[in-house]
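*Asks:* Fold the stuff below for me.
(4 chains)
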Protein chains: 2
Amino acid sequence: MSATIKEVAREAEVSVATVSRVFNDKGPVRSETRRRILEVAERLRYTPHGAARSLITNETHTVSVLLPDLHGEFFSEVMRGIDSTAHGSGYHLLVASSHNDRAEIKALLRAMRGRVDGLIVMSPDIDAHTLEANLPETLPILLLNCLVDGTSFDSINVDNHGGALAMVRHLAGLGHRRIALVKGAAENYDARERLRGYRDAVASLGLDAAPELEIDGDFSEEAGYRAGRHIVAMGGRPTAVFATNDAMAIGCLYALREAGIRVPEDVALAGFDDIPIARYMTPPLTSVSVSIAKLGARAMERLLSSVKARNAHQRRHETLPTELVVRGSCGGAVQRSDGSWNL
Amino acid sequence: MSATIKEVAREAEVSVATVSRVFNDKGPVRSETRRRILEVAERLRYTPHGAARSLITNETHTVSVLLPDLHGEFFSEVMRGIDSTAHGSGYHLLVASSHNDRAEIKALLRAMRGRVDGLIVMSPDIDAHTLEANLPETLPILLLNCLVDGTSFDSINVDNHGGALAMVRHLAGLGHRRIALVKGAAENYDARERLRGYRDAVASLGLDAAPELEIDGDFSEEAGYRAGRHIVAMGGRPTAVFATNDAMAIGCLYALREAGIRVPEDVALAGFDDIPIARYMTPPLTSVSVSIAKLGARAMERLLSSVKARNAHQRRHETLPTELVVRGSCGGAVQRSDGSWNL
DNA sequence: ACCGAGAATGTAAACGGTTACATCGGCAAT
DNA sequence: ATTGCCGATGTAACCGTTTACATTCTCGGT
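*Replies:* Numbers count the residues shown, from 1 in each chain, chains lettered A, B, ... in the order given. Now for the predicted structure:
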């Protein structure tokens, strides 16, 4: 058992109030008294009890991140961004991954009461109603990459549609007319938006449009690999493949090379997200950059400001721009004689 | 503000004790009363307050993971393993990354009191003494991949030394005599052990040993890339490169290819960790597999059992075996005529 | 010597639960 | 009718803090 404030008070021959004042730098305390209290506290290894403190102050200095999954570098990057600003503001981080089970999500959300000061939700398939029904109304919430159907929650989204559009335009600009898309899971909001961007681009540019050009996937390397194998075997093989995230692009790249298909000479390849590892692929992966860590950092920044505003602030929806990052995998960039790429 | 147990009690015309009994399934409650209470609770959206509960029960159902950094797929995998068993046992996860600042670590550790039931420490450069001095003695702790200088803490380590030894042996078996090593940071315990394994293997097999064969690194792709550039420029270029983690191997691979050096034909390459993406490199990366997610899962499993035992259990040190995973990047495996690799 | 104003400190009521113990009925056995 | 027991419920103490308010000290000004 750790020492309590009472034990410190007794040992230092003061009241608990004075000890509390010392530890919170509140109210006047004679410097000699302060010294004595700190000394006793050190000797007794006293540390304030988090739960007790938050019970009365009604703040936990903790925020929770609810995410669907923990696979891959996308999540680790976004967590890194989130952590860095949380950490910088003295907040702790509770992570909760919700394997998409209805009842489980509900239980998770409820368990948050009295544990956190705010919540970042990254589950693309959780609906606003579930949130409202299972969380205290005063809890600040920020939806990250979630569908916002005009709800009253704050949100940040990546410009998935615009990014996908730009990528397809770029590929078309390189002369490709028959561009395959490797899709994400149908329920996933990001995936749907990227698909929409692809379709809009295909339609507006008059590119080949065919159902078989839209290949199923789920954002995993494995799915990308399967899609790659599928493409290898296709009649009327596309000349370019746009995988809607980098993990799938990497799996796909592997499948293509395994089959002896050269990238980008035989087939151009592009991804989405620009995860850190993308630039180290051979060829380096052309992608849509979303500054993942910055996305997380920005989300936490906004959440903390709602926390400070006691959730009584203007709700806002924010869309982060994307940037096309052209590297070797889609051609257009060429390898110099010294082996380096002109990017 | 959320409803409290008192409000539920008043509304349901019972005492708080009865409401508590219903929510904890403890003690007898007439089923009609239970129904009424649950109904009121639902109507008032009552959820027990975490901090209040843990104040009296003295358990938080939360464990904390302290790690040095959040870069790359290694951490995301280990977190995934940790989360999955924590989640399965109804525990929440607090992550804390400690950017190696002394005072900061101390503050972090202290802040844990009253917030968590146990702690997984993954900071290879935190010493046991700091832990003991800043944490309640009764808090269960598990050191993951940390130096355990015969301390009284539970621990799990990967067999870094054995893995590195096996890898160098394998490369030597393929005929390589001049094998470069890309090191991790000097303070990092994993890195040191892998280096030791390399040196022992080099010595016992009578391979070329030279200071310039040990190249600095820090477990990042970027460092691997720099090491690769360095190797490209070296006189007396090694015929094999053993990067002590996969991220560096990937960076190194890129540098080699960029310079027109073929892998594995001109230089063999191997990594360590076997992160999920390793198999999707071209060529697929030979590595030392450590079942990262399982490592995390096992750690959490053991921590939870100490929590249940109230920390009054036998301390144990455990070393997880590694497994050599031979893929294309170090030769030895060859590409079949259909393009696939014989692994 | 006395007064009044701060400064320094103490007292006790919260915060929202859990739980040991007390109370109260009702019913079967005597 | 009395007893004893047990199921259902209530009462109140407690967990470790913070903080409004009360109290006591200290001192300079008169």
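*Asks:* Stretch A:139-149 and chain B, are they touching?
*Replies:* No - on the criterion Cβ under 8 Å from any Cβ of the partner chain, stretch A:139-149 is out of touch with chain B, staying 8.8 Å away. Any C-beta I mention is one placed from the backbone N, CA and C, and that applies to glycine too.
*Asks:* who's in contact with that stretch?
*Replies:* Outside of stretch A:139-149, the residues within contact range by Cβ atoms under 8 Å, 6 or more residues apart in numbering or on different chains are A:78, A:112-113, A:116-124, A:126-128, A:131, A:135, A:151, A:153-158, A:189-190, A:295-296, A:299, A:302-303, A:306-307, A:311, A:317.
*Asks:* restrict those to contacts with chain B.
*Replies:* A:112-113.
*Asks:* which of the contacts of stretch A:139-149 count as buried?
*Replies:* Among the contacts of stretch A:139-149, the ones that count as buried by 16 or more other Cβ atoms under 10 Å in any protein chain shown are A:78, A:112-113, A:116-124, A:126, A:128, A:131, A:135, A:151, A:153-158, A:189-190, A:295-296, A:299, A:302-303, A:306-307, A:311.
*Asks:* Among the residues you listed, which ones lie close to DNA strand D?
*Replies:* Residues of these in contact with DNA strand D (Cβ under 7 Å from any atom of the strand): none.
*Asks:* out of these, which are inside strands?
*Replies:* Assignment to strands by DSSP state E places the following of these there: A:118-121, A:154-158.
*Asks:* For those, could you give me a markdown table that also reports pLDDT and distance to B:Arg257?
*Replies:* Compiled in a markdown table, those are given as follows (pLDDT from 0 to 100; distance: Cβ to Cβ, whole Å):
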| residue | pLDDT | distance to B:Arg257 |
| --- | --- | --- |
| A:Gly118 | 97 | 45 |
| A:Leu119 | 96 | 44 |
| A:Ile120 | 97 | 39 |
| A:Val121 | 94 | 41 |
| A:Asp154 | 95 | 44 |
| A:Ser155 | 95 | 41 |
| A:Ile156 | 96 | 37 |
| A:Asn157 | 94 | 36 |
| A:Val158 | 96 | 31 |
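*Asks:* Make JSON lines from these and add distance to DNA strand C to it.
*Replies:* Putting those into JSON lines (distance: Cβ to the nearest atom of the strand, whole Å) gives the following:
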{"residue": "A:Gly118", "distance to DNA strand C": "18"}
{"residue": "A:Leu119", "distance to DNA strand C": "18"}
{"residue": "A:Ile120", "distance to DNA strand C": "24"}
{"residue": "A:Val121", "distance to DNA strand C": "23"}
{"residue": "A:Asp154", "distance to DNA strand C": "25"}
{"residue": "A:Ser155", "distance to DNA strand C": "29"}
{"residue": "A:Ile156", "distance to DNA strand C": "31"}
{"residue": "A:Asn157", "distance to DNA strand C": "34"}
{"residue": "A:Val158", "distance to DNA strand C": "37"}
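*Asks:* what helix or strand does the nearest residue to A:Leu70 once chain neighbours are set aside sit in?
*Replies:* Distance criterion Cβ to Cβ, 6 or more residues apart in numbering or on different chains; nearest residue to A:Leu70, sequence neighbours excluded, is B:Arg80 at 4.1 Å. Here B:Arg80, judged by DSSP states H and E, is contained in helix B:72-88.
*Asks:* Pull the CA coordinates from that helix and hand them back as CSV.
*Replies:* In CSV, the C-alpha atoms belonging to helix B:72-88 read as follows (Å, rounded to 0.1, in the frame of the first residue of the first chain):
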residue,chain,number,x,y,z
GLY,B,72,7.2,1.5,-37.0
GLU,B,73,5.5,-1.8,-37.2
PHE,B,74,7.3,-3.5,-34.4
PHE,B,75,5.6,-1.4,-31.8
SER,B,76,2.2,-1.5,-33.5
GLU,B,77,2.5,-5.3,-33.5
VAL,B,78,3.5,-5.7,-29.9
MET,B,79,0.7,-3.3,-28.9
ARG,B,80,-1.7,-5.4,-30.9
GLY,B,81,-0.7,-8.5,-28.9
ILE,B,82,-1.0,-6.6,-25.7
ASP,B,83,-4.3,-5.2,-26.5
SER,B,84,-5.8,-8.4,-27.6
THR,B,85,-5.3,-10.2,-24.3
ALA,B,86,-6.0,-7.1,-22.2
HIS,B,87,-9.2,-6.7,-24.1
GLY,B,88,-10.1,-10.4,-23.7
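*Asks:* pLDDT below threshold where in the stretch 201-343 of chain A?
*Replies:* Across the stretch 201-343 of chain A, the stretches falling below the confidence threshold (pLDDT under 70) are A:332-343.
*Asks:* rerun that using 50 as the cut-off
*Replies:* A:334-337, A:339, A:341-343 (pLDDT under 50).
*Asks:* who are the neighbours in contact with whichever residue of it sits closest to DNA strand C?
*Replies:* Nearest residue of the stretch 201-343 of chain A to DNA strand C (Cβ to the nearest atom of the strand) works out as A:Arg310 at 15.1 Å. In this structure, A:Arg310 makes contact with A:Thr138, judged by Cβ under 8 Å, 6+ apart.
*Asks:* please redo it, this time with the cut-off set to 10 Å
*Replies:* Applying Cβ atoms under 10 Å, 6 or more residues apart in numbering or on different chains to A:Arg310 gives the contacts A:138, A:140.
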